[in-house]
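**Q** dropping a prediction and its sequence here:
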Amino acid sequence: MKRKKPFVLLELMIALILFALCIVPLIEIPLRALKNEYLMVTRLNLHRLSDLAFAEIKTQLYAQEIPWKDLGHEKKDKVLLSEQKVKIDKTELNQRCYAWSSSTKPGKKDAQARLVTIEVEFSHPSSPLFLVKRKLKKSKVFQYEVCVNRSANSTVK
């Protein structure tokens, strides 16, 4: 009677490696989809926060809380309207809101209208710990335009 040889450790290791090589592509696809979904949720959160910041600035514009002279600057001399820190998924970001005017048109009876561009920028804090943990990506910028009118008899700051 022939005696069967037991499996050698090397044969077992080769079988495990072949199994791992076959299973890796099957696991990689759902992981990539999960990563893309996480990035999309982060982008949506940034867009939501920028919409909220724009709504707040637009309310201030219509309530005439932002001086008219601050809205007359060109893009190169844009005015910082607000700056705050926001948190998205345990990541702290700086949110800055800028304003500049691309054109001013005279209206009837000394009224003026300006097309004001509001820029909401999200950037990473420039701390060394952040640079070590993750690659520093470019800041994300959202732009909105709103037409602001000033009549001659209005009380504008």
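**A** Structure's in. What do you need? Please read all numbers here as calculations on a predicted model, not as lab measurements.

**Q** C-alpha only now, for contacts and for neighbours.
**A** Noted.

**Q** what are the pairing partners of the top strand by length along the chain, and which direction each?
**A** If you go by DSSP state E, the chain has its longest strand at strand 91-106. In the sheet, strand 91-106 lines up against strand 79-88 (antiparallel), strand 112-123 (antiparallel) (DSSP bridges).

**Q** mind listing residues that contact the shortest one?
**A** Which is strand 79-88. With contacts defined as C-alpha atoms under 8 Å, 6 or more residues apart in numbering, strand 79-88 is touched by 42, 45, 70-71, 73, 92-100.

**Q** now those residues in TSV, with neighbour count, distance to Lys2 and pLDDT?
**A** As requested, the contacts of strand 79-88 are exported to TSV (neighbours: other C-alpha atoms under 10 Å; distance: C-alpha to C-alpha, whole Å; pLDDT from 0 to 100):
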residue	neighbour count	distance to Lys2	pLDDT
Thr42	14	65	88
Asn45	14	70	92
Asp70	15	96	80
Leu71	23	95	82
His73	16	95	79
Glu92	15	70	87
Leu93	19	72	89
Asn94	16	76	90
Gln95	24	78	93
Arg96	19	81	93
Cys97	23	83	94
Tyr98	20	86	93
Ala99	26	89	91
Trp100	23	91	89
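
**Q** and which of these is nearest Ala111?
**A** Leu71 (14.9 Å; C-alpha to C-alpha).

**Q** confirm for me that the closest one is in contact with Gln112.
**A** No. Here Leu71 lies out of contact with Gln112, judged by C-alpha atoms under 8 Å, at a distance of 11.8 Å.

**Q** and the gap between Lys105 and Tyr98?
**A** Distance, Lys105 to Tyr98, using C-alpha to C-alpha, to the nearest Å: 21 Å.

**Q** actually Lys4, not the one I typed
**A** 80 Å.

**Q** what do you get for Pro25?
**A** 46 Å.

**Q** what's near enough to touch His73?
**A** So His73 contacts Val79, Ala99, Trp100, Ser101 (C-alpha under 8 Å, 6+ apart).
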